[in-house]
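Engineer: Need a 3D model of the following:
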Amino acid sequence: MKKNRGFRCSNDNMYIRNNPRVLRLVPEPENNTDQECDTAAGDEFPAEEISMTLSLDYIRKKIGWCPHAKTLHTSPPVISTPPVTINPAQPDGGAGGSGRIGRGVTLALGSIRILLRNRWLLWFSLLTGLVMIFSLASSLYLQFISGTPLFPGTNFPAGPASVLIAKGSLPWIVLTFTIGLVSTILSYYLLAALITCVSRILSDRDTSIHDGLTHAGSCLRPLFGWAVIGALIGTVFSFIMNPPTTASGSIGNFGIIFIAMAVLAVFNILTLFVVPLLVLGNESLVNAFMGSLSLFRKVWGEMLVCFIIFFLIGFAVLFTSLIPMIAIGFSTATAGAIVVAYMLVMIVLLFIGSTVLGIAIVGLYTYGKTRTLSAMFDGKQDGFKYS
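Structural biologist: Numbering: from 1, shown residues only. Model (predicted):
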């Protein structure tokens, strides 16, 4: 009867005892070593068993696998992950209505901040104010000599005893168009110069009024073409508001007037983007018009918020200016001075507001083109660019 022979599988730390019929696993004694196991196998096993044992031992040592180890069956792991909600990207930068409001507020307040840090831009306020005064004075004089009331629906002010130029006549139309064209081209020229200066400030480049006026002068041809269109629309609007067939102090067809006002408003809104496209984008007049429509669709929300913020600030300033006037009290002696002072406040506010609006136009144009706001509107950069 043969003794039970055995060898150890180091991977399991177990002895495998050799039996003619049964193979069973027995725990390895702690005092045994691999060397003792291998020596016993070489001394006690028959030749054929030694050959098989050495082969198995060679495989075990080379690849770390024991052919007598038990097979372990495990279930594949189940990994549970929480559901993921995918929000589609929004075309306006991913912020929706609240994002438009936030950007509009940032543009409005940032425009005021940039003007305060670059007070030399107020020269554009002065120049634009002079153009406004010229336009207003010329229009009032034309209305006076043609017997047209200043406020439609009223008889104020009364015209001269004899009408020098009949309203609606060819000379009246020519003069109205000429006054409108001169005022418009000067306004667009100054706006183009302001846009040039603000664009360079936002690009962190030094600039001056001379630089802005020079660059705007190189764009006079397309600016003049757009000014002609604006003067024509203004002339038609004036003709509709003061038709020659109505009696003095009356108003024409309300429906036509509202349509004319809507067309004039749309033209002025498109002008806010046509001018920067002509000056900064070097676009042709037709491409600038089409591009202004595209930009308006992108930033209409921000533009609306800007206008509301500017209106609220202007209203607050005007209302605040009334407080000291009311405190002084109205009397026959002071009424005239109070009215003049209040009118001066309105005029100064209008002049400064034109420059703030020009800065906001550059911000709206830049955002519509690049979908990013300049850090200067957020106050993250100083933006001091004095010439």
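Engineer: helix or strand right after the host helix or strand of Phe258?
Structural biologist: According to DSSP states H and E, Phe258 maps onto helix 254-279. Using DSSP H and E, the helix or strand that follows helix 254-279 towards the C-terminus is helix 285-328.
Engineer: Just want the angle from whatever helix or strand comes next after that following helix to helix 254-279.
Structural biologist: Sequence-wise, the next helix or strand downstream of helix 285-328 (DSSP H and E) is helix 335-370. Per axes from the mean of the first three to the mean of the last three Cα atoms, to 10 degrees, the angle that helix 335-370 makes with helix 254-279 is 60 degrees.
Engineer: pLDDT (mean, whole number) over helix 335-370?
Structural biologist: The average pLDDT for helix 335-370 rounds to 86.
Engineer: can you list the domains in this protein?
Structural biologist: 5-63, 98-370 (automatic domain parsing).
Engineer: what about the helices in the stretch 51-200 of the chain?
Structural biologist: Along the stretch 51-200 of the chain, counting by DSSP state H, counting those that start in this stretch, helices occupy 96-117, 122-145, 170-202.
Engineer: buried set for the first one?
Structural biologist: I take that to be helix 96-117. Within helix 96-117, the residues that count as buried by 16 or more other Cβ atoms under 10 Å are 100-101, 103-104, 106-115, 117. (Each C-beta comes from the backbone N, C-alpha and C, glycine too.)
Engineer: Number of residues surrounding Gly217?
Structural biologist: 12 (other Cβ atoms under 10 Å).
Engineer: scratch that, Val228
Structural biologist: Neighbours of Val228 using other Cβ under 10 Å come to 15.
Engineer: Show me what the helix or strand where it lies is packed up against.
Structural biologist: Assigned by DSSP H and E, Val228 falls within helix 220-241. With contacts defined as 3 or more Cβ pairs under 8 Å, 6 or more residues apart in numbering; DSSP states H and E, helix 220-241 has these neighbours: helix 170-202, helix 254-279, helix 285-328.
Engineer: Could you look over the ones you listed and pick the most buried one?
Structural biologist: helix 170-202 (a mean of 21; mean count of other Cβ atoms under 10 Å).
Engineer: which helices and strands does that helix pack with?
Structural biologist: If you count contacts as 3+ Cβ pairs under 8 Å, 6+ apart, helix 170-202 packs onto helix 122-145, helix 209-217, helix 220-241, helix 254-279, helix 335-370.
Engineer: follow-up on the earlier one: now the helices and strands packed on helix 220-241 as JSON lines including mean pLDDT?
Structural biologist: Listed next are the helices and strands packed on helix 220-241 as JSON lines, based on pLDDT from 0 to 100:
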{"stretch": "helix 170-202", "mean pLDDT": "93"}
{"stretch": "helix 254-279", "mean pLDDT": "87"}
{"stretch": "helix 285-328", "mean pLDDT": "86"}
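Engineer: Quick check: the gap between the nearest residue to Ile361 once chain neighbours are set aside and Gly363.
Structural biologist: Distance criterion Cβ to Cβ, 6 or more residues apart in numbering; nearest residue to Ile361, sequence neighbours excluded, is Leu272 at 5.2 Å. Counting by Cβ to Cβ, to the nearest Å, the gap from Leu272 to Gly363 is 11 Å.
Engineer: How about Ala216?
Structural biologist: Distance from Ala216 to Gly363, by Cβ to Cβ: 19 Å.
Engineer: out of those two, which sits in the more crowded spot?
Structural biologist: In this view Ala216 and Gly363 are compared by other Cβ under 10 Å, and Gly363 has more residues nearby, 26 against 23.
Engineer: ok so, going back, got JSON lines for the helices and strands packed on helix 220-241, with distance to Leu220 too?
Structural biologist: Converted to JSON lines, these look like this (distance: least, Cβ to Cβ, whole Å):
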{"stretch": "helix 170-202", "distance to Leu220": "7"}
{"stretch": "helix 254-279", "distance to Leu220": "10"}
{"stretch": "helix 285-328", "distance to Leu220": "12"}
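Engineer: Out of the ones you listed, which gets nearest to Asp211?
Structural biologist: Proximity to Asp211 (Cβ to Cβ) singles out helix 170-202 among these, at 6.8 Å.
Engineer: Which pLDDT value belongs to Gly379?
Structural biologist: 70.
Engineer: could you measure it against Arg117, distance?
Structural biologist: To Arg117, Gly379 is 9 Å away according to Cβ to Cβ.
Engineer: again, but for Val362
Structural biologist: 15 Å.
Engineer: Please apply the same query to Ser208.
Structural biologist: 16 Å.
Engineer: residues contacting the residue nearest to Gly217 when sequence neighbours are not counted?
Structural biologist: Leaving aside its sequence neighbours, Gly217 sits nearest to Tyr189 (Cβ to Cβ, 6+ apart; 7.7 Å). Residues in contact with Tyr189 (Cβ atoms under 8 Å, 6 or more residues apart in numbering) are Leu213, Ala216, Gly217, Leu220, Leu223.
Engineer: what's the nearest residue to Cys306 if we skip its chain neighbours?
Structural biologist: In space, and not counting its chain neighbours, Cys306 is closest to Ala108: 4.6 Å by Cβ to Cβ, 6+ apart.
Engineer: quick one: that neighbour and Ile347, what's the gap?
Structural biologist: Using Cβ to Cβ, Ala108 is found at 21 Å from Ile347.
Engineer: Repeat that for Leu364.
Structural biologist: Distance from Leu364 to Ile347, by Cβ to Cβ: 26 Å.
Engineer: again with Trp300
Structural biologist: Applying Cβ to Cβ, the value for Trp300 to Ile347 is 30 Å.
Engineer: now Ile209
Structural biologist: 22 Å.
Engineer: again with Val236
Structural biologist: Using Cβ to Cβ, Val236 is found at 28 Å from Ile347.
Engineer: Over to Phe377?
Structural biologist: From Phe377 across to Ile347, the span is 27 Å (Cβ to Cβ).
Engineer: So for those two, which residue has more residues nearby?
Structural biologist: Phe377 (25 against 14).
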